[in-house]
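# I'd like to go over a predicted model; first the sequence, then the structure.
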Amino acid sequence: MAKGNDFKKIKSKSSSRFKIKDVPTPKTNHDFSKPIFSFRYMQYGGTNCITRCERDVRLSIVDTIIRISQLTWREMSSAPREGLGHEKVPQWRFRISLQLPVGITQEVPAVVFRYSESGRIAGFRKEDIFHIIAVGSNLYTH
């Protein structure tokens with residue numbers, strides 16, 4: 001290579017108009033989202049696992065989940081708890097030990113839906129995901 005034909009280093013322009021600032025991501029209000037259901041934290045094969053339910057009970061649970069999945073969290077909050085609504089139950093009232101999802105503490109109440117007169121679907125809401133923990137009757141003291 002001939003002298004003086006070296007590659008020139010490109011200097012960055014340090015002007016404030018060329019700097020890209022961190023743009024904060026907007027916080028999403030998940031109350032207007034439809035729920036996403038997860039069985040990740042359900043103890044598979046445990047006494048309150050969906051696999052231990054009779055066939056007609058499993059069909060009732062799936063039917064309830066499908067109907068609930070068509071509503072937003074806000075619509076569920078305003079629905080009666082005997083219908084497609086839900087109620088919050090403190091964890092200390094449960095007769096079973098609950099496997100908690102990551103980020104959920106003992107102080108967070110469980111969200112409970114009804115799939116029949118005595119049957120319940122218990123879990124925890126984290127943003128728009130509903131982690132189903134247990135299904136069955138007599139999950140907690142009334």
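Arrived safely, thanks for sending. Nothing here was measured: the structure is a model prediction, and the numbers come from that model. Numbering: from 1, shown residues only.
# avg pLDDT for the helix ranked longest in the chain?
The residue-count maximum for a helix in the chain (DSSP state H) belongs to helix 55-68. Per-residue pLDDT values across helix 55-68 average out to 96.
# from the middle of its chain, how far away would the helix or strand that that helix is followed by be?
Beyond helix 55-68 in the direction of the C-terminus, DSSP states H and E gives the next helix or strand as helix 73-78. In this view, helix 73-78 has its centroid 15 Å away from the chain centroid, taken as C-alpha atoms, centre = their mean, to the nearest Å.
# cool, stretch 135-142 as well?
Relative to its parent chain, stretch 135-142 has a centroid offset of 21 Å by C-alpha atoms, centre = their mean.
# may I see the buried residues of that stretch?
Neighbour-count burial for stretch 135-142, with 16 or more other C-beta atoms under 10 Å as criterion, is recorded at 135, 136, 139, 140. Using the backbone N, CA and C atoms, a C-beta is placed for each residue, glycine as well.
# would you point out the most distant pair within the residues you listed?
For those, the farthest-apart pair by C-beta to C-beta is 135 and 140; their separation is 12.6 Å.
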